[in-house]
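**Q** pasted the sequence and its predicted model underneath.
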Amino acid sequence: MSIQNEERSERRAAPKPDRIPSGDRPTYPAVEGLVKRLRRLDACAVSDALDKLGLQGAVTGLPLRSAGPGGASRIAGRAVTMKVGPGTPPPGPPKHLGCTAIERAGADDLIVVEQKSGVEAGCWGGLLTLGAKVRGIAGVVADGPLRDVDEAIAYELPIYARSLTSRTARGRVVELGTQVPVVIGDALAGGQATVHPGDYLLADRSAVIVIAAADIERVLDAAEQIVAKEAAMAKAILGGTPIGTVMGGNYEHMLKNG
């Protein structure tokens with residue numbers, strides 16, 4: 001049996017996990033609390049908060065390829081990063097790209113991948129998806145090609161990815177670094193952001209939002225205020241207030257007036 005056939009057989013035999021262990025990566029209460037607050041928000045509210053604070057970090061053009069249980073699309077957590085491209089594999093025993101990132105991540109983390117080399121080769125695939133699912137990782141954001149998307153859908157692991165491919169990474173690209181700064185997005189189309197390990201990300205069908213770890217608390221505060229104001233506006237609309245009144249000057253200048 002060829003290596004490729006052997007891998008395909010292994011994937012077919014892999015059971016769908018029904019129990020997700022928490023992993024052995026420590027979870028700090030403060031970080032856990034910040035991630036919980038971020039998960040209650042959506043990308044548009046946090047994007048508005050970035051605008052209000054004069055920060056960058058909104059990226060579009062990375063569509064949802066695989067949803068979570070029940071079709072859930074929103075994911076949030078801290079970044080565990082990986083850069084992929086042509087080059088020399090990392091020193092040490094041979095290990096497929098992505099394994100180190102999975103081993104370093106936990107339930108409050110997202111794996112963020114940069115594979116913008118132009119080489120059509122998967123930077124994430126079926127066995128990595130299963131490994132992340134078993135590890136309890138919240139999801140994956142990949143600015144590069146995703147392989148085995150049907151397996152990702154079956155495993156119900158949320159994955160945002162630039163494109164799809166059938167072409168393996170083996171012999172084409174390697175892991176250039178784990179827990180290094182990576183760049184996602186396109187500065188000329190949809191925005192671009194540099195992601196450092198430990199930064200916070202929120203992704204839904206609208207956008208991927210990157211928040212520097214140093215800014216997370218003030219961004220959360222601003223976004224929660226915006227959500228509260230918009231909830232009051234929605235209540236007024238439902239109560240019969242004309243929409244032109246609700247969405248007048250107070251709405252137009254909301255991101256300036258605080």
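**A** Cool, the structure landed. Residues are numbered from 1 along each chain as shown.
**Q** may I ask you to name the longest helix in this protein?
**A** helix 216-238 (DSSP state H).
**Q** packing partners of that helix?
**A** If contacts are counted by 3 or more Cβ pairs under 8 Å, 6 or more residues apart in numbering; DSSP states H and E, helix 216-238 sits against helix 29-39, helix 43-53, helix 243-246, helix 254-257. C-beta coordinates here come from the backbone N, C-alpha and C atoms, glycine included.
**Q** let's see it at 6 Å
**A** helix 43-53, helix 243-246 (3 or more Cβ pairs under 6 Å, 6 or more residues apart in numbering; DSSP states H and E).
**Q** would you mind finding the most buried of those?
**A** Greatest average neighbour count among the helices and strands packed on helix 216-238 goes to helix 43-53 (a mean of 20), per mean count of other Cβ atoms under 10 Å.
**Q** what's the distance between that helix and the middle of its chain?
**A** How far helix 43-53 lies from its chain's middle: 17 Å, per Cα atoms, centre = their mean, to the nearest Å.
**Q** which SSE is immediately downstream of it?
**A** Next helix or strand after helix 43-53 toward the C-terminus (DSSP states H and E): strand 58-59.
**Q** helices or strands up against that next one?
**A** strand 191-195.
**Q** let's see it at 8 Å
**A** helix 43-53, strand 191-195, strand 208-211.
**Q** could you pull up the mean pLDDT of the longest one?
**A** Helix 43-53 shows a mean pLDDT of 98.
**Q** the helices in the stretch 101-250 of the chain, which residues?
**A** 126-135, 149-155, 216-238, 243-246, 249-252 (DSSP state H, counting those that start in this stretch).
**Q** who touches the fourth one?
**A** Contacts made with helix 243-246 from outside it, assessed by Cβ atoms under 8 Å, 6 or more residues apart in numbering, are listed as Met233, Ala236, Ile237.
**Q** out of those residues, grab the one that's most surrounded.
**A** Within these, neighbour counts (other Cβ atoms under 10 Å) peak at Met233, which reaches 18 neighbours.
**Q** just to revisit the earlier point, in a markdown table: the helices of the stretch 101-250 of the chain, plus distance to Glu32.
**A** Listed next are these as a markdown table, based on distance: least, Cβ to Cβ, whole Å:
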| stretch | distance to Glu32 |
| --- | --- |
| helix 126-135 | 17 |
| helix 149-155 | 24 |
| helix 216-238 | 13 |
| helix 243-246 | 36 |
| helix 249-252 | 34 |
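**Q** and the strands in the stretch 51-200 of the chain?
**A** Assignment of strands within the stretch 51-200 of the chain using DSSP state E, counting those that start in this stretch yields the ranges 58-59, 64-66, 75-85, 109-114, 139-146, 159-164, 174-178, 182-186, 191-195, 200-203.
**Q** okay, the last one in PDB with CA atoms only?
**A** Put plainly, it is strand 200-203. In PDB, the C-alpha atoms belonging to strand 200-203 read as follows (Å, rounded to 0.1, in the frame of the first residue of the first chain):
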ATOM      1  CA  TYR A 200      -6.900  37.400  20.400                       C
ATOM      2  CA  LEU A 201      -9.100  36.500  17.400                       C
ATOM      3  CA  LEU A 202     -12.800  36.500  16.800                       C
ATOM      4  CA  ALA A 203     -14.200  35.100  13.500                       C
END
